[in-house]
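In: Need coordinates for the following:
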Amino acid sequence: MSSTAPHHDAEDPPQLQSKDGKLMATFNPRQLNVIWGGNLRYWKMPEKNSGSPAELLQVCWLEVSGSVPIRSASIGTKFRITFQVSFKSDAFGWNNCPVYVMAKFGKKGKYAWTKISLRTDYSQPTNILPPEGLEIVTKDAPNVNDTIYFGLYEVWSGKWKGGLELHNATVEQMNNK
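Out: Presented below is the predicted three-dimensional model:
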């Protein structure tokens with residue numbers, strides 16, 4: 001008898017790469033941790049290397065997270081975190097149901113967060129944050145801030161929701177420190 005894990009664990013997450021003199025990493029859905037992502041009743045995860053989004057069928061606990069090492073970042077380096085999503089025509093449960101994008105440096109760091117009200121008229125992939133995104137700045141020595149932990153959450157309302165398509169998440173350096 002085989003069993004499957006209820007959650008999807010990140011597969012081969014990307015590392016920060018230099019692009020135009022700044023560090024950047026883009027995560028496809030399979031490179032993120034997705035609570036209930038291993039259960040076909042709740043999420044439809046894309047095939048490896050398909051380029052397709054993950055589809056949220058129904059959950060009352062939305063938690064999608066990732067992490068990326070930033071060992072080469074100096075004090076004062078600013079990073080922006082964005083998630084790209086769209087909604088299917090039959091999306092439900094998102095009215096008056098804000099989501100939170102959260103991020104921190106290091107396991108013991110303090111979370112920075114922003115609250116977002118999603119609109120179900122996102123029929124095309126849309127970065128769900130304002131243009132500035134959620135930005136966090138390194139404040140301590142690089143060995144303290146060795147990893148950025150980030151996520152997209154809606155775990156407080158208890159409402160069932162579905163129809164969200166998760167295309168990717170991006171961590172991007174915003175300044176040249």
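
In: Now do the contacts for the closest residue to residue 165 other than its chain neighbours.
Out: The shortest distance from residue 165 to any non-neighbouring residue, by C-beta to C-beta, 6 or more residues apart in numbering, is to residue 53 (4.0 Å). Placement of C-beta: from N, CA and C, glycine included. By C-beta atoms under 8 Å, 6 or more residues apart in numbering, residue 53 lies in contact with 29, 46, 85, 86, 125, 165, 166, 167.

In: Would you mind measuring from residue 53 to residue 30?
Out: As judged by C-beta to C-beta, to the nearest Å, residue 53 and residue 30 stand 11 Å apart.

In: Common neighbours of the two, please.
Out: In terms of C-beta under 8 Å, 6+ apart, residue 53 and residue 30 are both contacted by the residues residue 46.

In: Where does pLDDT dip in the chain?
Out: Residues of the chain that meet the criterion pLDDT under 70 lie in 1-3, 72, 120-124, 128-133, 140-145, 176-177.

In: in it, which spans are strands?
Out: Ranges of strands within the chain are 17-19, 22-27, 33-34, 43-44, 54-56, 62-69, 78-92, 99-105, 112-116, 126-127, 134-137, 147-154, 162-173, based on DSSP state E.

In: Packing partners of the fifth one?
Out: For strand 54-56, the contact count by 3 or more C-beta pairs under 8 Å, 6 or more residues apart in numbering; DSSP states H and E identifies strand 43-44, strand 162-173 as packing neighbours.

In: what about it, distance to the chain center?
Out: For strand 54-56, the distance from its own C-alpha centre to the chain's C-alpha centre is 13 Å (C-alpha atoms, centre = their mean, to the nearest Å).

In: Same question for the third one.
Out: Between the centre of strand 33-34 and the centre of its host chain there is 9 Å, according to C-alpha atoms, centre = their mean.

In: name the helices or strands packed onto that strand?
Out: Using 3+ C-beta pairs under 8 Å, 6+ apart: strand 33-34 touches strand 62-69.

In: Within its sheet, name the partner strands of the strand it packs on and how each one runs.
Out: When pairing is defined by DSSP bridges, strand 62-69 lines up against strand 33-34 (antiparallel), strand 147-154 (antiparallel).

In: Distance to residue 90 for those strands - can I get that in CSV?
Out: Output for the strands paired with strand 62-69, formatted as CSV (distance: least, C-beta to C-beta, whole Å):
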stretch, distance to residue 90
strand 33-34, 20
strand 147-154, 18
